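> Below: sequence and its predicted model.
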Amino acid sequence: MTAVCPGPCNNAWRNAEAAGQPHDIPATWGQPIHCLRCANRAHSQLAELPELVVAIGLEAVHGTAPRSSGTIGRTATPCWPGQASRLLTDHIVEGLLGLEDAIPAVRRLPGRAARGREGADVTASVTFLRAHLGWALDRYPGETDSISGETMDPAALIRRWHRTAERFTRRDPRLEHHRVPCPRCDMLTLFRADDDDYIGCRNLACEVLLAPSEFEEHTQRLARKYDLAKAA
């Protein structure tokens, strides 16, 4: 039984559904859970995690020194060099090892007993997960977020680790800012992210969604309006 893909391909559809307004944004269906595009992205992002973990560690050497923390009336507690990179590395490594442990438990497979050096553990964990990711994306229910309580499928976990690592190492792709007024609120708040198929208004009071064809028609109308005003 197929379901609506839980990946970012349906961000626009989910936003439109949550708004409760009529819309014609089509949903992308999974095969059977994730669509092929999101599944391929999960495989690619998982393969890139070992190198990103190394890059996070290098931030402690080549990155900007953190400022001391503290407020008025309190004793400032300076961060030790590399604290941020260490905490993020621990978060990703623990997540990888946790997901690696969970899959054999569900599939009744022998787990990897010997663990030692962090780099070797990350490589071995990613190698195991890449071998079983196809099964996991189709069947494994995933973990539950301790804060929101929402179910997080393996692709969502991998996407979060990858996105956080890219942002920390300043490799994340930036939002594409379309510098034309929004057709609804007239503000210069139209953006498009790499994972989005739609251009969205970031004004919280508007949040209109435009398909690429609709955005092109909008820019053409603005261009005609400008030409008429210039001719007058």
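Cool, got the structure. Numbers count the residues shown, from 1 in each chain.
> Could you list the low-pLDDT ranges of the chain?
1, 62-81, 114, 140-152, 194-195 (pLDDT under 70).
> Could you point out the longest helix of this structure?
For the chain, the helix with the greatest residue count under DSSP state H is helix 36-62.
> list the helices and strands that helix packs on?
helix 83-107, helix 118-139, helix 154-168 (3 or more Cβ pairs under 8 Å, 6 or more residues apart in numbering; DSSP states H and E). C-betas here are computed from N, CA, C, even on glycine.
> For those helices, could you give me CSV that also reports distance to Asp186?
What follows is these, written out as CSV (distance: least, Cβ to Cβ, whole Å):
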stretch, distance to Asp186
helix 83-107, 40
helix 118-139, 42
helix 154-168, 31
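> Out of the ones you listed, which one sits most buried?
helix 154-168 (a mean of 20; mean count of other Cβ atoms under 10 Å).
> how far is that helix from where the chain is centred?
6 Å (Cα atoms, centre = their mean, to the nearest Å).
> Quick one: name whatever helix or strand follows that helix.
Sequence order places strand 176-178 as the next helix or strand after helix 154-168, per DSSP states H and E.
> just checking, what packs against that next one?
Packing contacts for strand 176-178, counted by 3+ Cβ pairs under 8 Å, 6+ apart, involve strand 190-192.
> helix or strand right after the strand it packs on?
strand 199-201.
> strand partners of that next one, parallel vs antiparallel please.
Looking at strand 199-201 with DSSP bridges, its partner strands are strand 190-192 (antiparallel), strand 209-210 (antiparallel).
> tell me the domain boundaries of this protein?
With domains defined by automatic domain parsing, the chain comprises 39-64+82-172, 175-232.
> Of all the ones you listed, which one is nearest His23?
Of all these, domain 175-232 sits nearest to His23, with 7.6 Å by Cβ to Cβ.
> sorry, back to before: distance to Glu94 for the strands paired with strand 199-201 - can I get that in CSV?
Output for the strands paired with strand 199-201, formatted as CSV (distance: least, Cβ to Cβ, whole Å):
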stretch, distance to Glu94
strand 190-192, 33
strand 209-210, 36
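> Quickly compare those and say which is most buried.
strand 209-210 (a mean of 20).
> Give me the distance between whichever helix or strand comes after it and the centre of its chain.
Following strand 209-210 in sequence order, the next helix or strand is helix 212-231 (DSSP H and E). In terms of Cα atoms, centre = their mean, the centre of helix 212-231 is set 33 Å apart from its chain centre.
> Next, the buried residues of helix 212-231.
Phe215, His218 (16 or more other Cβ atoms under 10 Å).
> List the contacts of it.
His178, Val180, Pro181, Pro183, Leu190, Asp197, Tyr198, Ile199, Leu210 (Cβ atoms under 8 Å, 6 or more residues apart in numbering).
> residues contacting the fifth one?
Taking Cβ under 8 Å, 6+ apart, we find Leu190 in contact with His177, His178, Val180, Cys182, Ile199, Gly200, Cys201, Arg202, Leu210, Phe215.
> Now render those as TSV, adding distance to Arg171.
Output for the contacts of Leu190, formatted as TSV (distance: Cβ to Cβ, whole Å):
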residue	distance to Arg171
His177	19
His178	23
Val180	28
Cys182	29
Ile199	24
Gly200	23
Cys201	27
Arg202	22
Leu210	28
Phe215	27
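> Buried ones among these?
His178, Cys182, Ile199, Gly200, Cys201, Leu210, Phe215.
> ok, so of those, who is nearest His132?
For these, the nearest to His132 is Gly200 (34.8 Å; Cβ to Cβ).
> All set, thanks.
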